[in-house]
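**Student:** Quick check, what structure comes out for this input:
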Amino acid sequence: MFEALTEKLNGVFRLLGNRGKLTEKDIDEAMRQVRLALLEADVNFKVVKEFIGKVKERSLGKDVMESLSPAQQVIKIVNEELIAILGDEKGARLVSASQPPAVLMMVGLQGSGKTTTSAKLALHLKHNGQKPLLVAADNRRPAAIEQLVALGKQLDVPVYREDPKNKAWDIAGHALKEAHKIAATHVIVDTAGRLHIDQELMDELEKVKKVLKPHEVLLVVDAMTGQEAVNVATEFHERVDVTGLIMTKMDGDARGGAALSIRWVSGVPVKFIGIGEKADALEPFYPDRLASRILGMGDMLSFIEKAEKLVDEKKALELQQKLKKSQFDLEDFLDQLKAIKKMGPIGQLAEMLPGMGRLASKLPDGAQEAHMRKVEAIVLSMTREERQNPSVIGGSRRKRIAAGSGTKTSDVNQLLNQFQQMQKLMKMGMRGKLPKNIMGMFR
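**Tutor:** Have a look, this model is predicted:
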């Protein structure tokens, strides 16, 4: 996600860090490079203009130009303005119903992943102790009904369906009665889509909405369609008053600019992002966390949340305390490596670890897993003392570890240096601050 953009922004920050005191000319050149990076990432040109204008104005201020660490101040400003563009919401919040069930109406174009996203959302709610009911109201595409029924069976979530010849708004009304009957906490209605927006589609959605009186109208958009996703969001919002966005295929090879544009252009908050094909590959959207990933600073909170699902509560609490106290050592790192295989694709997880995203992005496709196996072998070749206190690992020990793991001394050096930087970034990240030596991560 955003690998090319992250790399180019890091290049700009490295140049700034090498300048010491910054001049107005330095800022102008840096902003020119940032502008190009954003446009190449397919960010809406109006968003780019607004973003660059604010960053430049703040960067030319007295506090930055006279600062002892002006480059770090610029990065701080970029981070804050990225969050502002992505939305200042404190993470995804679905509207709750005073009297259950809460009704979530899913809309979107055909091919955006609306049906699978409906099932993913149901699983997300189920994992949070809710009792969702899926409703197959896409009577234009019988295959979608069968797909939703199959997904519901796989996830052990009930699915309400009727003959596709029935009107979608009638199906919706009957589904509400079924939801009350089974005491569902949420009703997720998968509506019909088209390959393009037309009057017939909107008329049908308006009728379904009138019957449902939904608490949320969630638009599913495909991030890989670039700026077309922004246009779709704007049009749907104008017609059916969308309350939230779910961006799918964020793990794809698209340039990703839609995610940076869609909130600013449409005015509708992103609530979830889809990061894979598996049923659990749906994440709540946190603007500050995504901004942190884009700048290569990781996303430890999301990493911990994933880890908590795989370890018992006691271990999860211990891990959090170690992170907060900067006591995360190589033994803990080894435990996480073993759990990583269950947590998802290595590339996505590496983005969450401070300093590791840039390293992972440089590896050839398919090489991340091989690299992690090498890292695991290196750590396993250390003694318990060395894992708990890496500072004792001198030159001779590094040679021994390299020989024992079948790697080179340079590989061991690289891991230890990376881990040391990770510890520093974790410490600052858990406190919600940018590290004082932030420029080091862009070297």
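
**Student:** contacts, neighbours, all on C-alpha from now
**Tutor:** OK.

**Student:** Would you mind listing the residues in contact with Ile246?
**Tutor:** 218-221, 270-274 (C-alpha atoms under 8 Å, 6 or more residues apart in numbering).

**Student:** ok, which stretches of the stretch 201-350 of the chain are strands?
**Tutor:** For the stretch 201-350 of the chain, strands defined by DSSP state E, counting those that start in this stretch occupy the ranges 216-222, 244-248, 270-274, 282-284.

**Student:** I would like the residues contacting the last one, please.
**Tutor:** If I follow you right, that is strand 282-284. Contacts for strand 282-284 (C-alpha under 8 Å, 6+ apart): 91-92, 117, 120-121, 124, 271-276.

**Student:** And the first one, by the same measure?
**Tutor:** Outside strand 216-222, the residues within contact range by C-alpha under 8 Å, 6+ apart are 94-95, 103-109, 112-114, 117, 229, 232-233, 236, 240-249.

**Student:** now the residues you listed: which count as buried?
**Tutor:** Buried subset of those (neighbour count, 16 or more other C-alpha atoms under 10 Å): 103-109, 112-114, 117, 229, 232-233, 236, 240-249.

**Student:** after the helix or strand of the chain with the lowest mean pLDDT, next one along is what?
**Tutor:** Ranked by mean pLDDT, DSSP states H and E, the weakest helix or strand in the chain is helix 356-361, scoring a mean of 56. Sequence-wise, the next helix or strand downstream of helix 356-361 (DSSP states H and E) is helix 368-380.

**Student:** now that we have the contacts of strand 282-284, which one has the most neighbours?
**Tutor:** Of all these, the highest neighbour tally under other C-alpha atoms under 10 Å goes to Gly274, namely 28 neighbours.

**Student:** quick one: that one from Thr117, how far?
**Tutor:** Counting by C-alpha to C-alpha, to the nearest Å, the gap from Gly274 to Thr117 is 8 Å.

**Student:** okay, and the common contacts of these two?
**Tutor:** Shared contacts of Gly274 and Thr117, counting by C-alpha under 8 Å, 6+ apart, come down to 248, 282.

**Student:** now, among the contacts of Ile246, which is nearest to Lys54?
**Tutor:** Nearest to Lys54, judged by C-alpha to C-alpha, of those is Val270 at 22.3 Å.

**Student:** Now the closest one: closest residue in space, sequence neighbours ignored.
**Tutor:** If the residues on either side of it in the chain are set aside, Val270 comes closest to Leu245, at 4.4 Å by C-alpha to C-alpha, 6 or more residues apart in numbering.

**Student:** and Lys197, how many neighbours?
**Tutor:** To be clear, residue 197 is Ile; Lys isn't right here. 15.

**Student:** ok but it is inside a helix, no?
**Tutor:** No. With DSSP: H, G, I helix; E, B strand; the rest coil as the criterion, Ile197 is located in coil rather than a helix.

**Student:** measure the nearest residue in space to it that is not next to it in sequence to Arg58 for me?
**Tutor:** Counting by C-alpha to C-alpha, 6+ apart, Ile197 lies nearest to Leu109, which is 7.4 Å off, once chain neighbours are set aside. Distance, Leu109 to Arg58, by C-alpha to C-alpha: 40 Å.

**Student:** Repeat that for Gly244.
**Tutor:** Gly244 sits at a distance of 31 Å from Arg58 (criterion: C-alpha to C-alpha).

**Student:** what does Gly113 give?
**Tutor:** For Gly113, the distance to Arg58 equals 40 Å [C-alpha to C-alpha].

**Student:** Next, count neighbours for Gln130.
**Tutor:** Neighbours around Gln130, by other C-alpha under 10 Å: 14.

**Student:** Please tell me how far it sits from Val220.
**Tutor:** 22 Å.

**Student:** likewise Asn128?
**Tutor:** According to C-alpha to C-alpha, Asn128 and Val220 sit 21 Å apart.
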